[in-house]
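Here's a sequence, model it:
(one chain, ligands or ions: 1)
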Amino acid sequence: MNKNKFMESYIENLQRITLKNFAETSDKDRYFALCDTIMELINQEWRNCKNRTRRSRKAYYFSAEFLVGRSLGNNLINLGIYDEVKEILSEIDIDFESIENFEDDAALGNGGLGRLAACFMDSAATQKLDMYGYGVRYREGLFKQKIENGFQVEGGDHWIKDGDGWSIRVESDSKIVKFRDQTVKAVPYDMPMLGFENEQVNTLRLWQAEPFEEFDFSYFNNFQYDKAVEEKNRAEDITRVLYPNDMQREGRVLRLKQQYFFCSASIQDMVSKYKRYFDHDLQFEDFSKYHIIQLNDTHPIIAIPELIRVLVDENGIEFERAVEITKNTFAFTNHTVLQEALESWPKDIMLEVCPRCFDIIKKLNENLVKEFKEKGLSEEAIDPYRIIRFDQVRMANLAIVMSKSVNGVAKLHTQILKDDTFKNWYKLMPEKFNNKTNGITPRRWLVYSNIKLSNFITEKLGSDDWKYDLTKLKDLEKYLDDEKTLEEINQIKFENKKELAKYILENEGISINPNSIFDIQVKRIHEYKRQHLNLLHIINLYHKLKKNPDMDFYPTTFILGGKAAPGYFRAKAIIKLANEIARVINNDEEVNDKIKVVFVNNYRVSYGEKLFPAADISEQISTAGKEASGTGNMKFMLNGALTLGTYDGANIEIFENAGVENNYLFGAKVEELNEIYDSYNPKEFYYKNEDIKDAVDTLLSGELNDNDSYMFLDIYNCLINPQGGEKADTYFVLKDFEDYKKTHEKINKEYSDRLTWARKSLKNIANAGYFSSDRTILEYAKDIWKL
Ligand code: Z16
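Alright, predicted model coming up:
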């Protein structure tokens, strides 16, 4: 890059888009001008990639969510010009960090699943894999969380109200999407996905819904202005907002419209390009040779009947032939074993949204049933396989029949799919099932967000090859017994903790001690993730410190954060509980030099970038068997935190790679929980264990105040009182409490041996290589996509 040219074009852009003189421009202006300048810089390479890959086999990642976060810093890192641009800006008195903060997170996802899609985009480009992302351009991303009086309050997230510096509207590639009762235009917005220091620029294409005709003049001419506006709104409604539920299916018509909307537009896009560039293949003989579609969970499965529809209805392909093509085109990833998340759509809703797709699904179901009957299966034996049952379309079944691959996202998770969730399917078609353990991109989650550790690693290894092949971190192990290195690791962690402390003081108004242990749990709030186990333990610890002020105890700061789905009362109760515990403890001068509790407001990608580098302990405490993988666990590990975790999801693989002796494993395993499931009685634990009783009773003792919301009673009841046919403590919080507490005591003791701790930290960093999404995406490419 030519520095002078960059500066010149930057200032030119700044003045052109604002019509102001340089000195008069605001930080926001300066941010957007920088986006423009970078977009110009990559334009040539982006076009080159598009041209080069027109006739090549490509993977298409279909996902209702892409949780991209901010792009400025990440793009500069991937272009290899981060330091230079910072310098250029400082030469004209612009502070990079301050303008960086003007970028709103692109929060087009709920949590792990959406962030995984974003990490995959980074890794695919970095590995020079031709992968296209297809999704939805929500006008409002995941709600902004505010905390008022300890309660979560949701606010809007109109992330593009001041513009969108990273997208190009490609009007000419617009598609028409037809619903039963409405026809809309799908307009693509393309975001460049840059490979790390290579020439690759892939595309993330997000569709926005707009009225088919900008203004319906027939209404207008009849003086029906309201009706004309109404039609426009009805179209725009489809992509107005991201549904904020993770792990909970949403049975609304508008949600299915969103899904069908982006799937239909994407399939049409693929087919029309195919016809343009492979114009000799009128019979689509080679379609599946050039396309493989990876379905990110159940959300985009409607793309399956949509492809059949487009082939049959719009291209005259025979039904059976279209089915064959489709079966060779799709692959399906499952992300959860929680039944409440597996989507099924009522027939009526499908008929209301996309009747032709329902027709096709019905036919697929009939063919399947017929095939089973010919094989001699009874009606009953067929039941678990039916795509339609009790007038519900079971999306996972549709995907499994129609895909060439079905995968889980961590070893244990895939095993549970085979043994349990999809066991009938597994018996029938074992060859389809495979595992792809999740990963994270080391560029965003280390190179960009933890510059100090990143530079340190490069210095120690004498090269930055590890950024391209994260398994090279293994070579850090030669420093395991080098005291100087270990001290440096502690020093870097300390610097990061100071920075986080400053940020938390500014944003949460709470002052925390960087010399204390930073124990962090950030993720969506859900009972299975057991934030309430963490909180009950803090309550009990607090009481112990009150009773015994001279207790040997290493000061600890407990940090929690995460959003609750707006309709999930108990998750919101957990947030209120966290804030109430924080209020009581932080205001108690007898203990607040020993423990502090912080609930960080509005946890999101850009907050995570500050939290992961500063953690000593990573809390990964889900009930065994429930967290499909987890990916936050990997971000903490890569940044040198030790995992306090259950034998669940990818934690297991973290323990395997870094050594369980360098982390803190606790709690019951899946097999044990399955065995005791029917006989489990949490009350036994409550009466037998004083600490449990102390913590649980505090929910109702009056010491904590839920402002008459009955929230703490709800948590109390769910732990020990079976309610309305529902068992008590289905997530085994009380069962695991004692072991959790003991493990915390061990951590607290061992932390003071600072060198031994640093050694464990280094062990984790050195063995985090496996969890690069570069490894994951290469496995997809090799085993499933054959790219
Ligand atoms: C989600 O974030 C996940 C699963 C799901 O069905 C829906 C959503 Cl929105 C998460 C899993 O809970 C998590 O364990 C996993 O690491 C992540 O998906 C990516 O696979």
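
Skipping its backbone neighbours, what lies nearest Val353 in space?
Nearest residue to Val353 in three dimensions, chain neighbours excluded: Leu256, at 4.8 Å (Cβ to Cβ, 6 or more residues apart in numbering). (Glycine included, C-beta is placed from N, CA and C.)

Please give me every residue in contact with the one you found.
The contact partners of Leu256, by Cβ atoms under 8 Å, 6 or more residues apart in numbering, come to Ile302, Trp345, Ile349, Met350, Val353, Cys354.

Remind me which helix or strand the third one belongs to.
Mapping Ile349 onto the secondary structure by DSSP states H and E places it in helix 347-353.

Check which residues of that helix are buried.
Ile349, Met350, Glu352, Val353 (16 or more other Cβ atoms under 10 Å).

The second one reaches Phe358, doesn't it?
Yes. Counting by Cβ atoms under 8 Å, Phe358 is a contact partner of Met350 at 4.3 Å.

Can you work out which residues contact both of those two?
Val393.

what does the model give the residue in the chain that the ligand sits nearest to for pLDDT?
In the chain, the residue that lies nearest the ligand is Gly112 (2.9 Å; Cβ to the nearest ligand atom). For Gly112, the pLDDT comes out at 98.

which residues sit in contact with it?
Asp246, His335, Asn438, Lys523, Arg524, Ser629, Gly630, Thr631, Gly632.

Shouldn't the third one be within a strand?
No. Following the definition DSSP: H, G, I helix; E, B strand; the rest coil, Asn438 is coil and is not counted among the residues of a strand.

Just the mean pLDDT for the strand or helix carrying Lys273, thanks.
Assigned by DSSP H and E, Lys273 belongs to helix 253-277. When pLDDT is averaged over helix 253-277, the result is 98.

Likewise for stretch 202-209?
98.

hmm, back to that, can you lay out the contacts of Leu256 as JSON lines showing pLDDT and distance to Ile292?
Compiled in JSON lines, the contacts of Leu256 are given as follows (pLDDT from 0 to 100; distance: Cβ to Cβ, whole Å):
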{"residue": "Ile302", "pLDDT": "98", "distance to Ile292": "18"}
{"residue": "Trp345", "pLDDT": "98", "distance to Ile292": "25"}
{"residue": "Ile349", "pLDDT": "98", "distance to Ile292": "29"}
{"residue": "Met350", "pLDDT": "98", "distance to Ile292": "26"}
{"residue": "Val353", "pLDDT": "98", "distance to Ile292": "26"}
{"residue": "Cys354", "pLDDT": "98", "distance to Ile292": "23"}
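
Most widely separated two among these?
The most widely separated members of these are Ile302 and Ile349, with 11.5 Å between them, by Cβ to Cβ.

list the contacts for Ile176?
Thr183, Val184, Lys185, Ala186, Phe212.

and the residue nearest to the second one when sequence neighbours are not counted, how many neighbours?
The shortest distance from Val184 to any non-neighbouring residue, by Cβ to Cβ, 6+ apart, is to Ala235 (4.4 Å). Other residues within reach of Ala235, judged by other Cβ atoms under 10 Å, total 21.

Likewise for Val68?
Counted with other Cβ under 10 Å, Val68 comes out at 29.

cool, Tyr290 as well?
Other residues close to Tyr290 by other Cβ under 10 Å number 17.

Surely it is in contact with Tyr60?
No. Here Tyr290 lies out of contact with Tyr60, judged by Cβ under 8 Å, at a distance of 10.4 Å.

how is the chain carved up into domains?
55-69+107-344+397-438, 517-748 (the TED database).

Ok, which of the ones you listed comes nearest Ser463?
Ser463 lies closest to domain 55-69+107-344+397-438 among the domains of the chain, at 13.4 Å (Cβ to Cβ).

Okay, helices next: where are they in the stretch 251-400 of the chain?
For the stretch 251-400 of the chain, the helices defined by DSSP state H, counting those that start in this stretch occupy 253-277, 287-290, 303-315, 319-327, 347-353, 355-374, 379-382, 395-402.

Quick one: closest of these to Glu589.
Nearest to Glu589, of those and by Cβ to Cβ, is helix 253-277 at 49.6 Å.

which residues touch stretch 203-210?
46, 49-50, 66, 68, 108, 121, 132-137, 139, 167, 175, 177, 184-193, 235-239, 261-262, 265-266, 269.

what do you get if the cut-off is 7 Å, keeping everything else the same?
66, 121, 132-137, 184-193, 235-236, 238-239, 261-262, 265 (Cβ atoms under 7 Å, 6 or more residues apart in numbering).

thinking again about what came up before, and of the contacts of Leu256, the nearest to Phe732?
Trp345 (32.2 Å).

List the residues that contact the residue lying closest to that closest one once chain neighbours are set aside.
The shortest distance from Trp345 to any non-neighbouring residue, by Cβ to Cβ, 6+ apart, is to Val393 (4.7 Å). By Cβ under 7 Å, 6+ apart, Val393 lies in contact with Ser344, Trp345, Lys347, Met350, Ile361, Ile387.

can you rerun that using 6 Å?
Trp345, Met350, Ile361 (Cβ atoms under 6 Å, 6 or more residues apart in numbering).

So which bits of the stretch 501-650 of the chain are right by the ligand?
Glu627, Ala628, Ser629, Gly630, Thr631, Gly649 (Cβ under 6 Å from any ligand atom).

In PDB, list the C-alpha atoms belonging to stretch 358-365.
C-alpha atoms of stretch 358-365 as PDB (Å, rounded to 0.1, in the frame of the first residue of the first chain):
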ATOM      1  CA  PHE A 358     -45.600 -27.600   1.200                       C
ATOM      2  CA  ASP A 359     -46.800 -29.500  -1.800                       C
ATOM      3  CA  ILE A 360     -43.300 -30.600  -2.600                       C
ATOM      4  CA  ILE A 361     -42.600 -31.600   1.000                       C
ATOM      5  CA  LYS A 362     -45.800 -33.600   1.000                       C
ATOM      6  CA  LYS A 363     -44.600 -35.500  -2.000                       C
ATOM      7  CA  LEU A 364     -41.200 -36.100  -0.500                       C
ATOM      8  CA  ASN A 365     -42.900 -37.500   2.600                       C
END
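
Which positions in that stretch come out as buried?
Of the residues in stretch 358-365, those buried (16+ other Cβ under 10 Å) are Phe358, Ile360, Ile361, Lys362, Leu364, Asn365.

on that earlier part again, the contacts of Gly112 in helices, which ones?
Gly632 (DSSP state H).

now the contacts of Gly112 as a markdown table including neighbour count and pLDDT?
A markdown table is the format used below for those (neighbours: other Cβ atoms under 10 Å; pLDDT from 0 to 100):
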| residue | neighbour count | pLDDT |
| --- | --- | --- |
| Asp246 | 24 | 90 |
| His335 | 22 | 98 |
| Asn438 | 28 | 98 |
| Lys523 | 24 | 98 |
| Arg524 | 22 | 98 |
| Ser629 | 28 | 98 |
| Gly630 | 26 | 98 |
| Thr631 | 24 | 98 |
| Gly632 | 25 | 98 |
